[in-house]
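Novice: Please work out how this folds:
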Amino acid sequence: MKTLRILVLSWTSAAALFVSLVGSAGAQELPAPANTIPANNAQQVPPPTPPVLRLTLEDALARARKNSTQFLGAQTDAAIARQYRYQAAAPLLPTFTYNNEALYSQLGSGNSVKFIANNAAHEYVSQANVHESIDLLSVSNYRRASAASAFAKARAEIASRGLVVTVVQGYYAVAAAQQKLEAAKKNGDEGDSFLKLTQDLERGGEVAHADVIKAELQVQDRHRQLLEAQLGLLNARLNFAVLIFPDFSDNFELAEDLHASVPLPTLAEVQQRAARDNPDLRAALAAVQQAGHDVTGARAGYLPSLSFDYWYGIDAPQFAVNGPNGVSNLGSSAAATVNIPVWNWGATQSRIKQAELRRTQAQRELSLAQRKLLAEIKSLYAEAETALNELSGLSRAAELSAESLRLTTLRYKGGEATVLEVVDAQTTFAQANAAYQDGAVRYRVALANLQTLTGVLTTP
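Specialist: Model (predicted):
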């Protein structure tokens, strides 16, 4: 009895000690009052996330034009060519200068002029000069500069249309990657559901364990495809961001629908627009015109040139408006000069021959550009038409594969289909969906390529 009483007292003391320890620990873990929170916690609050930029295709094209080095380089070349055109026009207009000059001659004995190269011992020249030169070479140089400016402008348009294709391809590649990721997630969910179904049927004794193994292998394959789809979307977004953002931002989403209906113009419309606005054809034509003006400029070496000068001001022994005797020192003079070429050892004829050879080559390139344009129109139009026709079939195939997967899964639940049929239906659905997304991108890119021939800068 005494032993029992000792045990009870011991357990009571231990319990009291335990309660006191728990209470003290709880008191130590109580949260501090709000006014005791360190002030530097406010600095640890993350900055607000900027809003997601919603990009249309037009926005992406505008941003790419501001950031593309190749496109900006072509624009710079066109601007430089325009400045050359202004410089070539300047020799056709009169020039105005104002000259100031003081001439001193060496004097001999008796203040006589010892060195008589000047008009007086002291000669002061302060006069304005208007100069005009007229020759066929200056006119030809101006026309050549105008053709060169048109050529550079056409090259800038070629670069712009190439940029359109690149942006369209990148834009809809991101859209397709997003669709593929959504399809991969759906396939992964269906694979997980099918694995659970086979496990449930196996526990009920309705299917063999081989079905579970096959379903689990399919799940692993679907998860791998999901990871690849995530990587593909990441790479597509990064490549597109580098193209349109100067500071590399990945915080954007696309506003355009990859599968929106976009009509294809008729072949006659494409040919008509291309014949009028094709930048390659315009560049080749400008090159022919430039070479033709080179021939004209070279032939100007056989013709005389005329120049005219008019001076007004002071040319007197005193630097003053009036001389010592009160006579005005102000006066004017004029001169006209005709330069007639006589002989330069065949240099002019050589320049003419050289310019004619360049013109002949430019005409060949123009003819080639015209033939290539006709071939490219038919080829790219056939590509766009084929992609559009196949797109409707790919869309129908994606719908049928989704319905087939649903029906095959229901048949498997009812014991009418094998696990291999379900796996095959899942694979077919994944392949059909991916082909549908790729087909949509193919049509958009083909349409953009076709529009580069017609002078249209954007694509719907």
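Novice: With the flanking residues excluded, which residue is spatially nearest to Ala208?
Specialist: Glu202 (7.3 Å; C-beta to C-beta, 6 or more residues apart in numbering). In this view, the C-beta of every residue, glycine as well, is placed from N, C-alpha and C.
Novice: who does the helix or strand containing that neighbour touch, helix- and strand-wise?
Specialist: Counting by DSSP states H and E, the element that carries Glu202 is helix 136-203. Helices and strands touching helix 136-203, by 3 or more C-beta pairs under 8 Å, 6 or more residues apart in numbering; DSSP states H and E, are helix 57-67, helix 69-89, helix 209-244, strand 252-254, helix 279-299, helix 347-413, helix 419-451.
Novice: Neighbours of the closest residue to Leu233 other than its chain neighbours, how many?
Specialist: Excluding the flanking residues, the one nearest Leu233 by C-beta to C-beta, 6+ apart is Ala177, at 4.0 Å. When neighbours are counted by other C-beta atoms under 10 Å, Ala177 registers 22.
Novice: Isn't Ala177 up against Glu228?
Specialist: No. Using C-beta atoms under 8 Å, Ala177 is not in contact with Glu228, being 10.6 Å away.
Novice: Ala387 against Arg442, yeah?
Specialist: Yes. Using C-beta under 8 Å, Ala387 is in contact with Arg442, at 4.7 Å.
Novice: For the closest residue to His223 other than its chain neighbours, give its distance to Ser401.
Specialist: Spatial nearest neighbour of His223, excluding adjacent residues (C-beta to C-beta, 6+ apart): Gly188 at 6.0 Å. Plainly put, Gly188 is 16 Å away from Ser401 if you go by C-beta to C-beta, to the nearest Å.
Novice: How about Gly73?
Specialist: Relative to Ser401, Gly73 is positioned 47 Å away (C-beta to C-beta).
Novice: Looking at these two, which is more packed in?
Specialist: The neighbour comparison of Gly73 against Ser401 (other C-beta under 10 Å) goes to Ser401, with 21 against 12.
Novice: Wait, that one touches Ala434, no?
Specialist: No. Using C-beta under 8 Å, Ser401 is not in contact with Ala434, being 10.8 Å away.
Novice: where do the contact lists of those two overlap?
Specialist: Counting by C-beta atoms under 8 Å, 6 or more residues apart in numbering, Ser401 and Ala434 have no contacts in common.
Novice: List the backbone torsions phi and psi for Tyr98.
Specialist: Reported as degrees, to the nearest 10, the phi and psi values for Tyr98 are phi -130, psi 120.
Novice: sorry, back to before: could you dump the helices and strands packed on helix 136-203 into a markdown table with distance to Ser332 and mean pLDDT added?
Specialist: Shown next, in a markdown table, are the helices and strands packed on helix 136-203 (distance: least, C-beta to C-beta, whole Å; pLDDT from 0 to 100):
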| stretch | distance to Ser332 | mean pLDDT |
| --- | --- | --- |
| helix 57-67 | 55 | 88 |
| helix 69-89 | 28 | 88 |
| helix 209-244 | 64 | 90 |
| strand 252-254 | 71 | 87 |
| helix 279-299 | 34 | 91 |
| helix 347-413 | 37 | 92 |
| helix 419-451 | 63 | 89 |
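Novice: Quick one, which of those gets closest to Ile158.
Specialist: Closest to Ile158 of those is helix 279-299 (C-beta to C-beta; 4.5 Å).
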